[in-house]
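1. here is the input, now give the coordinates:
(chains A and B)
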There are 2 protein chains.
Amino acid sequence: MNISSFHPPQRTLMGPGPSDVNPRILEAMSRPTIGHLDPEFVRMMDEMKTLLQYAFQTKNKMTMPVSAPGSAGMECCFVNLVEPGDKVIVCQNGVFGGRMKENVTRSGGTVIAVDDEWGDAVDPAKLEVALKANPDAKIVAFVHAETSTGALSDAKTLVELAHRYDCLTIVDAVTSLGGVPVLVDEWGIDAIYSGSQKCLSCTPGLSPVSFNEAAVRKISQRQHPVQSWFLDLNLVMAYWGEGAKRAYHHTAPINALYALHEALVILHEEGLEDTWKRHQKNHLALHAGIEAMGLAFIAQEGERLPQLNTVTIPEGVDDAAVRDALLQDYNLEIGGGLGALAGKAWRIGLMGHASNKTNVLLFLGALDSILTGMGAKINRGIAVQAANDFYA
Amino acid sequence: MNISSFHPPQRTLMGPGPSDVNPRILEAMSRPTIGHLDPEFVRMMDEMKTLLQYAFQTKNKMTMPVSAPGSAGMECCFVNLVEPGDKVIVCQNGVFGGRMKENVTRSGGTVIAVDDEWGDAVDPAKLEVALKANPDAKIVAFVHAETSTGALSDAKTLVELAHRYDCLTIVDAVTSLGGVPVLVDEWGIDAIYSGSQKCLSCTPGLSPVSFNEAAVRKISQRQHPVQSWFLDLNLVMAYWGEGAKRAYHHTAPINALYALHEALVILHEEGLEDTWKRHQKNHLALHAGIEAMGLAFIAQEGERLPQLNTVTIPEGVDDAAVRDALLQDYNLEIGGGLGALAGKAWRIGLMGHASNKTNVLLFLGALDSILTGMGAKINRGIAVQAANDFYA
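-> Below you'll find the model as predicted:
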């Protein structure tokens, strides 16, 4: 066997996540490992909860990071809140709504599907039809920011509707948290999960979650034990709960938590409002360049995520060849389409630390050059200038 | 809110894990994040599988790290292999056998319990009685190295027995891998899981697993879908599988995987045989010191884990006060007892990078001094010399 230490290349990460990680976060991650019950670590956990409450804009006590990626955060919400036989309305407008359905079924629940076109926001009118037709539904689940299409849904309205029909809500904020407003208490979201590697610009592997009192009540009154031992919140909270006394549940991923702590300190330093503004500004600059080039966005105006820009691949252009050229010639990663959009769209992330002028200009210049070299029908040589004009 | 960057103290980690992390691993972890489908990352994943096959001494294709801590690795084995209604014989001789039972029940299986005293190895004779009494049992599960008691069981014999009665085997190697021989192919283990933060001396958060062909067959022939989407091996393997084409399942914890890769490179550099010898040597030195002091081990001779030494707390000595003094005055962490051994035993880890002469001597000197200060009935002032004599 001839395997030596792995030295990754230095990429610019403008895909759907992971996004560019602030060097401060990488440095924090490499600090000395301490025990998961060390008093100093417990103090850090308390800070982490406060920082996450700020990020989610909530006072929920049950706010913490799940010790695994966003997919496990999603599963944590569903296995704890869905009991066998529960009817769950899932609004699907992309890949991740489909994953929610899988989670409902595997938790023993019944899915009531509300489908929207991929690229559109979730339509509240369709949700209301489903709520009226299913008065016994217990939960409404939807994706706030669809990472597969770049569409932003109106979480506030959808949660209001769900509550009017006595349903709890599970909201996927994997891509939205830290990029656009996510106001858990103001909107009344009952259960929410996110990921560390999107607009928080942390390394991948952790999933912040938050549950309000109504959600905690449903969990504590379950008739069947939670099917996952690892994700059972009744057990997890004995470790992440209040006070100095923490019961061992599993060994927390210590250094990954150092990293998330630092990412949240950075978020707080900049402030949520300014972070959202920065994401919007760089999105609009990218948009100016993409439009100047003659390319089109998948998501409609008003429903576009500033942190994830989904652009239609021009006719006749080889998706993979363009992404390969970006990676090989510019060390720049963007994402391809997922599911129904595979081969039809590029996904350009401007998330967290990666949402900056340098990245916007680098990407537009590189895309312009690559498409020109391929003879694609675009307006050549003006995209970078259009973005620069926007910034001026 | 007044929260700034977290700077952990520098501890010596001689508890039940996490263990001291080699600085090479912390440095590897802080290398630039790249995408989870980046060709360079895929190349690293292939190396990771080869390195894990070496660590587990197996040719199993389905060998990879689960993207979450050891508890999730345990759950991964049970939710994939246990189908509703399956009878599973669980041998329990400590805390982690109890957790296995929880996993069986939550997976819809029925537990047949084989109980041994905490501190003893699993008794093959008792297992055989259970196998004879339950000819319809499908799986035998046991903990190779009980982290709660420091007892090592005879995995080879237990697996042979299980196979003689047509059962598959699930083996917990969280604390054994890298500290004592774990010979997956030679012993015929069907499914096995471990943790990154014990004798591999990596940061916590990942769980290496391996499944042989018989286990893969049972998983692929399941009548019911795996209840966990995140841990469904049919889906996970589309990402960790063969060749350059990897299907997105979840976002891998990139930097944590850099760390595990480096930990495994270090393991391979030293070589398994030499690693095992080093663990044994430092254990015997610690043992010489502990015996000289007049203290006793919980596990019997011949069943003692060199990497996890469980020592009876002398009568009248305050468990927590000793551990606090070690932490505050020496920056040294050891573990308290778990479950039935809470308050009755200390758990002294000499795992991976932490299994060295410096740690043995530091700990013995510190314990001698603290117990002397408390007026405990021990043989004073000779433990360090006894260990030094052993090394000489």
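2. from here on, contacts and neighbour counts on C-alpha atoms
-> OK.
3. quick one, phi/psi of A:V66?
-> Per-residue torsions, A:V66: phi -70, psi 140 (degrees, to the nearest 10).
4. please enumerate the helices of the stretch 101-250 of chain A.
-> A:124-133, A:155-164, A:184-187, A:213-220, A:233-240 (DSSP state H, counting those that start in this stretch).
5. near chain B, which residues of the stretch 251-392 of chain A?
-> Where the stretch 251-392 of chain A comes near chain B, counting by C-alpha under 8 Å from any C-alpha of the partner chain, the residues are A:251-256, A:258, A:261-262, A:265, A:333.
6. I'd like to know which of the helices of the stretch 101-250 of chain A lies nearest to chain B.
-> helix A:233-240 (11.8 Å; C-alpha to the nearest C-alpha).
7. pull out the buried residues from stretch A:179-191.
-> For stretch A:179-191, a neighbour-count test (16 or more other C-alpha atoms under 10 Å in any protein chain shown) marks A:179-184, A:187-191 as buried.
8. could you export the worst-scoring helix or strand of chain A on mean pLDDT as PDB, CA atoms only?
-> The least trusted helix or strand in chain A, going by mean pLDDT, DSSP states H and E, turns out to be helix A:233-240, with a mean of 90. Coordinates of each C-alpha in helix A:233-240 appear next as PDB, following Å, rounded to 0.1, in the frame of the first residue of the first chain:
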ATOM      1  CA  LEU A 233     -34.300  14.000  21.400                       C
ATOM      2  CA  ASN A 234     -35.400  12.700  24.800                       C
ATOM      3  CA  LEU A 235     -31.900  11.300  25.200                       C
ATOM      4  CA  VAL A 236     -29.900  13.900  23.300                       C
ATOM      5  CA  MET A 237     -31.300  16.600  25.500                       C
ATOM      6  CA  ALA A 238     -29.900  15.000  28.600                       C
ATOM      7  CA  TYR A 239     -26.500  15.900  27.100                       C
ATOM      8  CA  TRP A 240     -27.400  19.300  25.500                       C
END
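9. ok, for A:K59, nearest residue in space, not its chain neighbours?
-> Leaving out its chain neighbours, the residue that sits closest to A:K59 by C-alpha to C-alpha, 6 or more residues apart in numbering or on different chains is A:Q53, at 6.1 Å.
10. right, I mislabeled it, should have said A:A252
-> Nearest non-adjacent residue to A:A252 (C-alpha to C-alpha, 6+ apart): A:H36, at 6.0 Å.
11. now name the helix or strand holding that neighbour.
-> Using DSSP states H and E, A:H36 is not contained in any helix or strand.
12. in three-state terms, label the spatially closest residue to A:R222 that is not a sequence neighbour for me.
-> Among residues not flanking A:R222 along the chain, A:E83 sits closest, at 7.1 Å (C-alpha to C-alpha, 6+ apart). At A:E83, secondary structure determined by DSSP: H, G, I helix; E, B strand; the rest coil is coil.
13. quick one: pLDDT of A:E242?
-> If you check A:E242, the pLDDT there is 72.
14. count of neighbours near it?
-> For A:E242, the count of nearby residues is 12 (other C-alpha atoms under 10 Å in any protein chain shown).
15. residues contacting the nearest residue to A:D115 once chain neighbours are set aside?
-> Spatial nearest neighbour of A:D115, chain neighbours left out: A:Q92 (5.0 Å); criterion: C-alpha to C-alpha, 6+ apart. Residues in contact with A:Q92 (C-alpha atoms under 8 Å, 6 or more residues apart in numbering or on different chains) are A:98, A:113-116, A:122, A:142-143.
16. out of these, which is nearest to A:W229?
-> Nearest to A:W229 out of the contacts of A:Q92 is A:G98 (C-alpha to C-alpha; 24.1 Å).
17. now do the phi/psi pair for the closest one.
-> Dihedral angles for A:G98 - degrees, to the nearest 10 - are phi -60, psi -40.
18. count the residues that sit near it.
-> Other residues within reach of A:G98, judged by other C-alpha under 10 Å, total 16.
19. state the distance from it to A:M45.
-> A:G98 sits 33 Å away from A:M45, going by C-alpha to C-alpha, to the nearest Å.
20. give the next helix or strand downstream of the helix or strand where A:L327 lies.
-> Under the criterion DSSP H and E, the helix or strand holding A:L327 is helix A:319-330. Next helix or strand after helix A:319-330 toward the C-terminus (DSSP H and E): strand A:332-336.
21. following element in sequence after that next one, please.
-> strand A:345-349.
22. for that following strand, the averaged confidence score.
-> Per-residue pLDDT values over strand A:345-349 give a mean of 97.
23. wait, what's in contact with whichever residue of the stretch 251-392 of chain A sits closest to chain B?
-> Closest contact between the stretch 251-392 of chain A and chain B, by C-alpha to the nearest C-alpha, is at A:P253 (4.4 Å). Neighbouring residues of A:P253 by C-alpha under 8 Å, 6+ apart: A:67, B:69, B:203-205.
24. then the top helix by length along chain A to PDB, C-alphas only?
-> Taking DSSP state H as the criterion, chain A has its longest helix at helix A:272-293. What follows is helix A:272-293, C-alpha atoms only, in PDB (Å, rounded to 0.1, in the frame of the first residue of the first chain):
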ATOM      1  CA  LEU A 272     -27.700  38.900  10.600                       C
ATOM      2  CA  GLU A 273     -29.100  42.000   8.800                       C
ATOM      3  CA  ASP A 274     -25.700  42.900   7.300                       C
ATOM      4  CA  THR A 275     -25.100  39.300   6.300                       C
ATOM      5  CA  TRP A 276     -28.500  39.100   4.500                       C
ATOM      6  CA  LYS A 277     -27.700  42.400   2.700                       C
ATOM      7  CA  ARG A 278     -24.300  41.200   1.600                       C
ATOM      8  CA  HIS A 279     -25.900  38.000   0.200                       C
ATOM      9  CA  GLN A 280     -28.500  40.100  -1.700                       C
ATOM     10  CA  LYS A 281     -26.000  42.500  -3.100                       C
ATOM     11  CA  ASN A 282     -23.600  39.800  -4.500                       C
ATOM     12  CA  HIS A 283     -26.600  38.000  -5.900                       C
ATOM     13  CA  LEU A 284     -27.800  41.000  -7.800                       C
ATOM     14  CA  ALA A 285     -24.200  41.600  -9.200                       C
ATOM     15  CA  LEU A 286     -24.100  38.000 -10.400                       C
ATOM     16  CA  HIS A 287     -27.600  38.400 -11.800                       C
ATOM     17  CA  ALA A 288     -26.500  41.500 -13.700                       C
ATOM     18  CA  GLY A 289     -23.600  39.600 -15.300                       C
ATOM     19  CA  ILE A 290     -25.700  36.500 -16.100                       C
ATOM     20  CA  GLU A 291     -28.500  38.600 -17.700                       C
ATOM     21  CA  ALA A 292     -25.900  40.600 -19.700                       C
ATOM     22  CA  MET A 293     -24.600  37.300 -21.000                       C
END
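25. show residues contacting that helix.
-> Contacts of helix A:272-293 (C-alpha under 8 Å, 6+ apart): A:55, A:178-181, A:267, A:296, A:306-307, A:309, A:350-352, A:355-357, A:360-361, A:364, A:368, A:378-380, A:382-388, A:390-391.
26. contact partners for A:E146?
-> A:93-96, A:152, A:175.
27. now swap in A:C91 and tell me
-> A:97, A:113-116, A:122, A:127, A:140-143.
28. how about the residues of the stretch 1-150 of chain A near chain B?
-> A:3-11, A:13, A:17-18, A:20-21, A:26-36, A:40-41, A:44, A:47, A:67-72, A:75, A:102-103, A:106-107.
29. where are the low-confidence patches of chain A?
-> When residues are selected by pLDDT under 70, those of chain A lie in A:243-244.
30. just checking, the residue nearest to A:R222 touches A:G109?
-> Yes - taking contacts as C-alpha atoms under 8 Å, A:E83 lies within contact range of A:G109: 6.4 Å.
31. what is the burial count for the residue nearest to A:A252?
-> Using other C-alpha under 10 Å, A:H36 has 21 other residues around it.
32. so which strand or helix has A:L52?
-> In this assignment (DSSP H and E), A:L52 forms part of helix A:39-56.
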